[in-house]
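A.B. asks: got a predicted structure plus its sequence, pasted below:
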Amino acid sequence: MSLHADDLPAALTVTPLTAPPDVSLRPPGSKSITNRALICAALAPGRSTLTGVLFADDTHAMLGAVRALGAGLTVDEAAHTVVVDGADPRTATGEVSVDARQSGTTSRFILPAVALRPARGVVDGSPQLRARPFAPLVDALRELGATVEDLGAPGFLPVAVTGPVAGGKVALPGHISSQYLSGLLMAGPLMTDGLSVELTSQLVSVPYVEATTAVMAAFGVSVDGLRVAPGSYRPAEYDIEPDASAASYLLAAAAIGDGRVTVEGLGERSLQGDVRFADLLEQMGARVERTAAGITVTGTGTLHGIDVDMADISDTAQTLAAVAVFADSPTRVRGIGFIRGKETDRIGAVVTELRRAGIDAVEDADGFTVNPGTPAPTAFETYEDHRMAMSLALLGLRVPGITVKDPKCVAKTYPEFFVDLSRL
Ligand SMILES: O=C(O)C1=C[C@@H](OP(=O)(O)O)[C@@H](O)[C@H](O)C1
Ligand SMILES: C=C(OP(=O)(O)O)C(=O)O
């Protein structure tokens, strides 16, 4: 049976490891970097070539979105390459519509870019995405001079936006999602007056904003503080590094399975904050080696619980919850109340599912506590959340009878997840 997301059954029982893993793997390209590079390339007049591209549901959503924006695309999935012929959206005509599917990044990055067009553009997504918060971005775009129509409940998708957006100064909350800020910054240089953002609350997911400014710099635009001067993007040849959030499952497997896993291509100069997940495994007792070429985690047979703020790297909180099950003391995760607004309420979901397996997990306003235990054979619900599926599957490496329902949901960011898991 193929373990690619397209071919998976309605429920998948994970085969426990029979020996400690000892492998070196290269996860697919970063979702976050792919979707940033696609936006910047689409806004850069001329031809850009992106290599190491992730092909998954979230990036297919972005490919469709930048096509609607006017970019020409030549896609070679087998070679992980996309050639982008960028176009200036400020000269576009005609109504467009974008289906962002389940993708937060696509929807939050494309909306400010669509607002650069002097014509109407509709942005919508799946029912799951329609339930995720958009109000701060809609409010900011209105303040910057765009017309935004609520086509559904105010503050949620779908919306229609008509530009051009003049730009200037805008106040933006930071505590709900960093994606609003990243999306505004990327459209910033094409706003008539440029853009200057003032955060009105503490920013979460900070490393993602650093990744945004790094990708913008590669396409010739610099961000000074949270200010972008009017200007233009330059086309570029851009190689996308592997996905650090995807890597968390593979590195966690080394710790859980008392083996050794190397993730290739995520060196010390990675743009992704989620590479710091390895630091947490180290704090728990695993051995970690970092080189320019990658990260190696070696399980030592002992894992201790930790108390950690994961506001910067919250996509790996569920991965940590799975590792914490096998520690010798409780793990407390803090600072991540905002992940209740992701694909699902991730705090509620992870606690509910661990408890379903007989693990004593406790929900808090801003995180959770996992008390270690031995999971019972369980069929886990996954809430259409790829990270629920990938994290809970890790339990099945150590104990028999772990089944993940709707495993296909990994297609959002990591269609080959179960293929790679089987290589352990
Ligand atoms: O900018 C990005 O690429 C992302 C930012 C994070 O979202 P929030 O800023 O909403 O926490 C993260 O969870 C998401 O998977 C990707
Ligand atoms: C939260 C996530 O994605 P997004 O917000 O881009 O939909 C994720 O990939 O875990």
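C.D. replies: Right, received. Where do you want to start? These numbers come from a predicted model, not from an experiment. Ligands and ions are numbered 1, 2, ... in the order given.
A.B. asks: so what's residue 260 up against?
C.D. replies: Taking Cβ atoms under 8 Å, 6 or more residues apart in numbering, we find residue 260 in contact with 20, 21, 22, 23, 254, 296, 297, 298, 299. For the C-beta atoms, the positions are set from N, CA and C on the backbone; glycine is no exception.
A.B. asks: how about residue 386?
C.D. replies: So residue 386 contacts 343, 409, 410, 411, 412, 413, 414, 417 (Cβ under 8 Å, 6+ apart).
A.B. asks: now do the contacts for residue 52.
C.D. replies: Residue 52 sits next to 29, 80, 239, 240, 241, 242 when contact means Cβ under 8 Å, 6+ apart.
A.B. asks: okay, now the domains of the chain?
C.D. replies: With automatic domain parsing as the criterion, the domains of the chain are listed as 5-28+241-422, 31-227.
A.B. asks: for those, give me TSV that also has mean pLDDT.
C.D. replies: Formatted as TSV, the domains of the chain follow (pLDDT from 0 to 100):
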stretch	mean pLDDT
domain 5-28+241-422	97
domain 31-227	98
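A.B. asks: closest to residue 235 out of those?
C.D. replies: Nearest to residue 235, of all the domains of the chain, is domain 31-227, at 3.8 Å by Cβ to Cβ.
A.B. asks: off-centre distance for that closest one?
C.D. replies: Put simply, domain 31-227 sits 14 Å off its chain's centre (Cα atoms, centre = their mean, to the nearest Å).
A.B. asks: same check on stretch 295-311?
C.D. replies: 21 Å.
A.B. asks: which positions in that stretch come out as buried?
C.D. replies: By neighbour count on 16 or more other Cβ atoms under 10 Å, the buried set for stretch 295-311 is 295, 296, 297, 298, 299, 303, 305, 306, 308, 310, 311.
A.B. asks: correct me, but the last one touches residue 205?
C.D. replies: Put plainly, it is residue 311. Yes - the pair residue 311 / residue 205 is scored as a contact, 7.2 Å apart, by Cβ atoms under 8 Å.
A.B. asks: for ligand 2, what's the nearest residue on this structure?
C.D. replies: residue 104 (2.5 Å; Cβ to the nearest ligand atom).
A.B. asks: any idea how many residues pack against that residue?
C.D. replies: 22 (other Cβ atoms under 10 Å).
A.B. asks: make residue 1 into 36 and carry on from there
C.D. replies: Got it, the first residue is 36 from now on, which makes the last one we talked about residue 139.
A.B. asks: contact partners for it?
C.D. replies: 164, 167, 212, 214, 377.
A.B. asks: one more: residue 197?
C.D. replies: Counting by Cβ under 8 Å, 6+ apart, residue 197 makes contact with 150, 152, 153, 154, 155, 156, 181, 182, 183, 184.
A.B. asks: swap in 10 Å and give it another go.
C.D. replies: Residues counted as contacts of residue 197 (Cβ atoms under 10 Å, 6 or more residues apart in numbering) are 130, 149, 150, 152, 153, 154, 155, 156, 181, 182, 183, 184.
A.B. asks: quick one: buried ones out of the residues you listed?
C.D. replies: Neighbour counting by 16+ other Cβ under 10 Å classes 149, 150, 152, 155, 156, 181, 183 among those as buried.
A.B. asks: quick one: which of those residues sit in helices?
C.D. replies: Among the buried ones among the contacts of residue 197, the residues falling in helices (DSSP state H) are residue 149.
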